[in-house]
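J.: Structure for this input, please:
(2 chains)
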Number of protein chains: 2
Amino acid sequence: MQMTNAFIHHVYFWLKESNDESKNELVSGLKKLSAVTTIRDYHIGIPADTNREVIEKGYDISWMLVFANDADQASYQVDPVHLKFVEECSHLWSKVQVYDSVDAG
Amino acid sequence: MQMTNAFIHHVYFWLKESNDESKNELVSGLKKLSAVTTIRDYHIGIPADTNREVIEKGYDISWMLVFANDADQASYQVDPVHLKFVEECSHLWSKVQVYDSVDAG
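T.: Numbering: from 1, shown residues only, chains lettered A, B, ... in the order given. Model (predicted):
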């Protein structure tokens, strides 16, 4: 089914320590973060077992969010639950890469 | 709502010619490609109007697919509809970046 009227906010995390403890800690943080009410749908992921040259699989955790629109995503960025997540979990990662997409044409 | 039992296949396309004609051609191709029956959900996107250092917005088109599992994604890769899409549209892009993710823990 085509997803429309969607703002896709996809974040990939590279952890300082790429071990189970850090991954579990970040996943726990993301689960709490998912309580932000403007989030329509979300997925917490790890790299799949696929291998082609075009596939980036060096990241540790994928955090994919669907919002209804730009305003909801903007509101999420400053939501107290999000700010608390950053405060509690940002020590875990060395790099984040974000792709924000809205419906094409 | 949390998406589970999901294989997220997210592709970002950089076009050789970043103009409306090429973008429209690729979007048309992706719409045809969406007919592959193993695709559970999909989104065709363009970069959102967000600006932070961690946001990659140099790509032209985002193609986000949700499959039920690895096997369905693998089947999509060799689906005749997919092969035809690559044949018809691959001349349009200079780079693709793929992130495949499955449910974390």
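J.: Nearest residue to the middle of chain A?
T.: residue A:63 (2.3 Å; Cα atoms, centre = their mean).
J.: what is the orientation angle of the helix or strand where it lies with strand B:61-67?
T.: Applying DSSP states H and E as the criterion places residue A:63 in strand A:61-67. Computed by axes from the mean of the first three to the mean of the last three Cα atoms, to 10 degrees, the angle separating strand A:61-67 from strand B:61-67 equals 100 degrees.
J.: buried ones in the following helix or strand past strand A:61-67?
T.: Along the chain past strand A:61-67, the next helix or strand (assigned with DSSP H and E) turns out to be helix A:70-77. For helix A:70-77, burial by neighbour count (16 or more other Cβ atoms under 10 Å in any protein chain shown) applies to A:72-73, A:76. From N, CA and C alone the C-beta is placed, and that goes for glycine too.
J.: For chain A, which segments count as helices?
T.: Using DSSP state H, the helices of chain A run over residues A:20-33, A:70-77, A:80-89.
J.: Summarise which helices and strands the first one is packed against.
T.: Under the contact definition 3 or more Cβ pairs under 8 Å, 6 or more residues apart in numbering or on different chains; DSSP states H and E, helix A:20-33 sits against strand A:7-15, strand A:41-47, strand A:61-67, helix A:80-89.
J.: Ok, the last one next?
T.: Using 3+ Cβ pairs under 8 Å, 6+ apart as the contact criterion, the neighbours of helix A:80-89 among helices and strands are helix A:20-33.
J.: CA atoms only: put the helix it packs on into PDB for me.
T.: Once non-C-alpha atoms are left out, helix A:20-33 reads as follows in PDB (Å, rounded to 0.1, in the frame of the first residue of the first chain):
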ATOM      1  CA  ASP A  20      25.000  -5.800  22.700                       C
ATOM      2  CA  GLU A  21      25.000  -3.700  25.800                       C
ATOM      3  CA  SER A  22      25.100  -0.400  24.000                       C
ATOM      4  CA  LYS A  23      22.600  -1.600  21.300                       C
ATOM      5  CA  ASN A  24      20.200  -2.700  24.000                       C
ATOM      6  CA  GLU A  25      20.500   0.600  25.800                       C
ATOM      7  CA  LEU A  26      19.800   2.500  22.700                       C
ATOM      8  CA  VAL A  27      16.900   0.300  21.700                       C
ATOM      9  CA  SER A  28      15.400   0.800  25.200                       C
ATOM     10  CA  GLY A  29      15.800   4.500  24.900                       C
ATOM     11  CA  LEU A  30      14.100   4.400  21.500                       C
ATOM     12  CA  LYS A  31      11.200   2.400  22.900                       C
ATOM     13  CA  LYS A  32      10.600   5.100  25.500                       C
ATOM     14  CA  LEU A  33      11.100   7.800  22.800                       C
END
